[in-house]
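Enquirer: Structure of the sequence below:
(one chain, ligands or ions: 2)
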Amino acid sequence: MAFSVVVLAAGKGTRMKSDLPKVLHKVGGVPMVQRIINTVKSLGADDIHLVYGHGGEQLQATIKEDNLNWCLQADQLGTGHAVQQAAPHIKDQEDVLILVGDAPLIREETLSALKAVKASCDLALLTVELDDPTGMGRIVRENDNITAIVEHKDATDAQREIKEINTGMMMMSGADLKRWLGNLSNDNAQGEYYLTDVIAMAAAEGKRIQSAQPESPVEVEGVNNRLQLSNLERALQRRQANELMMNGVTLLDPARFDLRGTLHTGNDVVIDVNVIVEGNVTLGDNVTIGANCILRNCHIADNAVIEANSIIEEAQVGEACNVGPYARLRPGAVMHKQAKVGNFVEMKKTVLGEGAKANHLTYLGDAEVGPNANIGAGTITCNYDGVNKSQTRIGENAFIGSNSSLVAPVVIGDGATVGAGSVITTEVEDKALAVARGKQRNIANWPRPTKK
Ligand code: UD1
Ligand code: MG
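Expert: Numbering: from 1, shown residues only. Ligands and ions are numbered 1, 2, ... in the order given. Reported below is the predicted structural model:
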């Protein structure tokens, strides 16, 4: 059955003490509201209505979604009033799933369960039992039907004993919702239009109101301050780490692993502590990632070893390559099979051919390095003259002596050799030796200066 989703996200989030609207704060590297949108998209929602209020410009600049219906709630007069802003866009025949924008860990499976409950009754509520339900709307039941939600501030002492609470997530038909919304009043302790009042209206019409529960309460926990944000961040990281381990990844310490995006892994991947993975990352079979690495939007092929403290961003590492420790691969770095990049080597927009090596203290920018070339310690491609970037081409089997500067644009031929300490400014032909440095002069018995 067709269904649409209303996400309530107009609240200001005062307790975040932030210039950013609350729902744009990130969990697992993704703005909370984006995470919810992603979840309902994979659930197959036909339309998504986002009720927003504060920080509309920032929201619209960040959340780039086609088919998202933006509903402005200029004044926040309550959750019922918020849903009223979306009501004109809701069809009678469809079901409507109402969610809150600040509970980002809700899982697709849980919403599917809520949908399944709705399919066999008139109104489905997602509820949870809390040890301390203070502040929450309480679920009132009679026999096997839910009959009301009573807000904490409006509840009697007896009702406050109820531990089952409203998560704010619910589903009903569009026609019912719109009829009930039209009858809301703000005659209550907070002077607000409560969405929760529709439950008693439904019960009065003799509707069947049933509930579903999440697997864990963190799924429905809202964020009001940065402490709660950090708790949800940890919960999400643990959930993701568990999934990876169940998929066959070894995490040497799941509490010291952070995934802010999507990670695809082959078999027998091993990840040491304090690794941060961001964006879209793929690791092939038998890849090993050392401690303290940062991997961002990169692809690392089978049997590659990334040693500790390396940073790899928008780069590709080929099969059985060796990277680091302390290497930095910047956007556009590509390593072909069995290439090696060692400590304090930086690469940008550079292709390193199969089996080529740059083992120490080197900068390779805007360069193409042929197969099996050897780049000595301290080699630098001088790719920038202060205005323009230029290319360096180093041929197959070339040997660049230590501490050479290759002033681009320049070509070093196949099998060519560059003497250590050279400053190369013009082409070196295939198989030639280029030496471009001051000649050594020895002065015998040279008297050192003495202190006056
Ligand atoms: C609400 C529920 C309560 C439930 C609790 C769960 C009502 C009346 N109460 O209470 O039963 O236990 O959530 O967290 O619904 N919002 C708007 N516009 C508004 C008011 C709120 O968009 O005018 C949004 C907020 O941004 C937030 C959500 O609705 O995402 C919930 O609002 P909040 O003020 O937190 O409601 P509670 O008082 O906590
Ligand atoms: Mg709340």
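Enquirer: Just the closest residue of the chain to ligand 1, please.
Expert: Ligand 1 sits closest to Gly137 of the chain, with a gap of 2.1 Å, by Cβ to the nearest ligand atom. Every C-beta, even on glycine, is put in place using the N, C-alpha and C of the backbone.
Enquirer: For this protein, what lies in contact range of ligand 1?
Expert: Contact residues (Cβ under 6 Å from any ligand atom) of the chain with ligand 1: 8-11, 51, 73, 76-79, 81-82, 100-102, 136-137, 149, 151, 165-168, 194-196, 222.
Enquirer: Among these, which lie within helices?
Expert: Using DSSP state H, Thr79, His81, Ala82 are the members of these that sit in helices.
Enquirer: which residue packs closest to the first one, ignoring adjacent ones?
Expert: Leaving out its chain neighbours, the residue that sits closest to Thr79 by Cβ to Cβ, 6 or more residues apart in numbering is Leu195, at 3.9 Å.
Enquirer: Wait, that neighbour touches Val83, no?
Expert: Yes: counting by Cβ atoms under 8 Å, Val83 is a contact partner of Leu195 at 5.5 Å.
Enquirer: low-confidence ranges in the stretch 251-400 of the chain?
Expert: Under the criterion pLDDT under 70, no range of the stretch 251-400 of the chain is flagged.
Enquirer: all helices of it, in order?
Expert: Read by DSSP state H, counting those that start in this stretch, the stretch 251-400 of the chain holds no helices at all.
Enquirer: on that earlier part again, which of the residues of the chain next to ligand 1 fall in strands?
Expert: Leu8, Ala9, Val51, Val100, Ile149, Ile165, Asn166, Thr167, Gly168 (DSSP state E).
Enquirer: Any of the residues you listed buried? List them.
Expert: Leu8, Ala9, Val51, Val100, Ile149, Ile165, Asn166, Thr167, Gly168 (16 or more other Cβ atoms under 10 Å).
Enquirer: so which pair among those residues is furthest apart in space?
Expert: Val51 and Ile165 (21.7 Å; Cβ to Cβ).
Enquirer: what about Val351, neighbour count?
Expert: When neighbours are counted by other Cβ atoms under 10 Å, Val351 registers 18.
Enquirer: hey, what's it bridged with?
Expert: Under DSSP bridges, the beta-bridge partners of Val351 are Val334, Glu368.
Enquirer: which residues sit in contact with it?
Expert: Val334, His336, Ala367, Glu368, Val369 (Cβ atoms under 8 Å, 6 or more residues apart in numbering).
Enquirer: Thought Gly355 was touching the last one, still the case?
Expert: No: at 10.5 Å, Val369 and Gly355 do not qualify as touching, with contact defined as Cβ under 8 Å.
Enquirer: of the two, who's got more company?
Expert: Taking neighbours as other Cβ under 10 Å, Val369 and Gly355 compare with Val369 leading, 29 against 19.
Enquirer: Quick one: distance of stretch 367-376 to the chain centre.
Expert: How far stretch 367-376 lies from its chain's middle: 35 Å, per Cα atoms, centre = their mean, to the nearest Å.
Enquirer: Spatially, which two of the contacts of Val351 are the most separated?
Expert: So, the contacts of Val351 by Cβ to Cβ: farthest apart are His336 and Ala367, at 13.5 Å.
Enquirer: correct me, but Val423 touches Ser405?
Expert: Yes: between Val423 and Ser405 there is a contact at 4.7 Å, judged by Cβ under 8 Å.
Enquirer: Compare neighbour counts for those two and give me the winner.
Expert: Taking other Cβ under 10 Å, Val423 and Ser405 do not tie; Ser405 has more neighbours (19 against 15).
Enquirer: could you list every residue that touches that one?
Expert: Here Ser405 is in contact with Thr379, Ile380, Cys382, Ser422, Val423, Ile424 (Cβ under 8 Å, 6+ apart).
Enquirer: Ala320 - how many residues pack around it?
Expert: Residues contacting Ala320 under the criterion other Cβ under 10 Å number 17.
Enquirer: Disregarding residues adjacent in the polypeptide, which is nearest to it?
Expert: Asn303 (4.3 Å).
Enquirer: Got phi/psi on the one you found?
Expert: phi 60, psi 10 (degrees, to the nearest 10).
Enquirer: Check Gln237 too.
Expert: Dihedral angles (degrees, to the nearest 10) for Gln237: phi -60, psi -40.
Enquirer: so can I have a markdown table of the ones in helices among the residues of the chain next to ligand 1 showing distance to Glu57?
Expert: Compiled in a markdown table, these are given as follows (distance: Cβ to Cβ, whole Å):
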| residue | distance to Glu57 |
| --- | --- |
| Thr79 | 24 |
| His81 | 22 |
| Ala82 | 19 |
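Enquirer: Mark which of these are buried, thanks.
Expert: So, by 16+ other Cβ under 10 Å, the buried ones in those are Thr79, His81, Ala82.
Enquirer: Columns distance to Leu184 and pLDDT on top of those residues, output as CSV?
Expert: Formatted as CSV, those follow (distance: Cβ to Cβ, whole Å; pLDDT from 0 to 100):
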residue, distance to Leu184, pLDDT
Thr79, 10, 97
His81, 8, 98
Ala82, 11, 98
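Enquirer: ranges for the helices of the stretch 1-150 of the chain?
Expert: Going by DSSP H, counting those that start in this stretch, the stretch 1-150 of the chain shows helices at 32-43, 56-62, 79-86, 108-119.
Enquirer: quick check, distance from the shortest one to the centre of its chain.
Expert: By that I understand helix 56-62. 18 Å.
Enquirer: what's the closest of the ones in strands among the residues of the chain next to ligand 1 to Thr262?
Expert: Distances from Thr262 to those, taken by Cβ to Cβ, are shortest for Ala9, at 23.6 Å.
Enquirer: The closest one touches Val23, doesn't it?
Expert: Yes: at 4.5 Å, Ala9 and Val23 qualify as touching, with contact defined as Cβ under 8 Å.
Enquirer: Which neighbours do these two have in common?
Expert: Val33, Leu59, Gly101, Asp102.
Enquirer: Break down the stretch 101-250 of the chain into its strands, ranges please.
Expert: 123-129, 138-142, 145-150, 164-173, 209-212, 250-251 (DSSP state E, counting those that start in this stretch).
Enquirer: follow-up on the earlier one: want to throw the shared contacts of Ala9 and Val23 into CSV with distance to Arg328?
Expert: Listed next are the shared contacts of Ala9 and Val23 as CSV, based on distance: Cβ to Cβ, whole Å:
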residue, distance to Arg328
Val33, 33
Leu59, 35
Gly101, 37
Asp102, 37
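Enquirer: Quote the end-to-end distance of stretch 24-39.
Expert: End-to-end distance of stretch 24-39: 16 Å, with Cα to Cα, to the nearest Å as the criterion.
Enquirer: what's the answer for stretch 143-153, then?
Expert: Distance across stretch 143-153, first residue to last, is 25 Å (Cα to Cα).
Enquirer: Over to stretch 388-397?
Expert: Using Cα to Cα, one end of stretch 388-397 lies 28 Å from the other.
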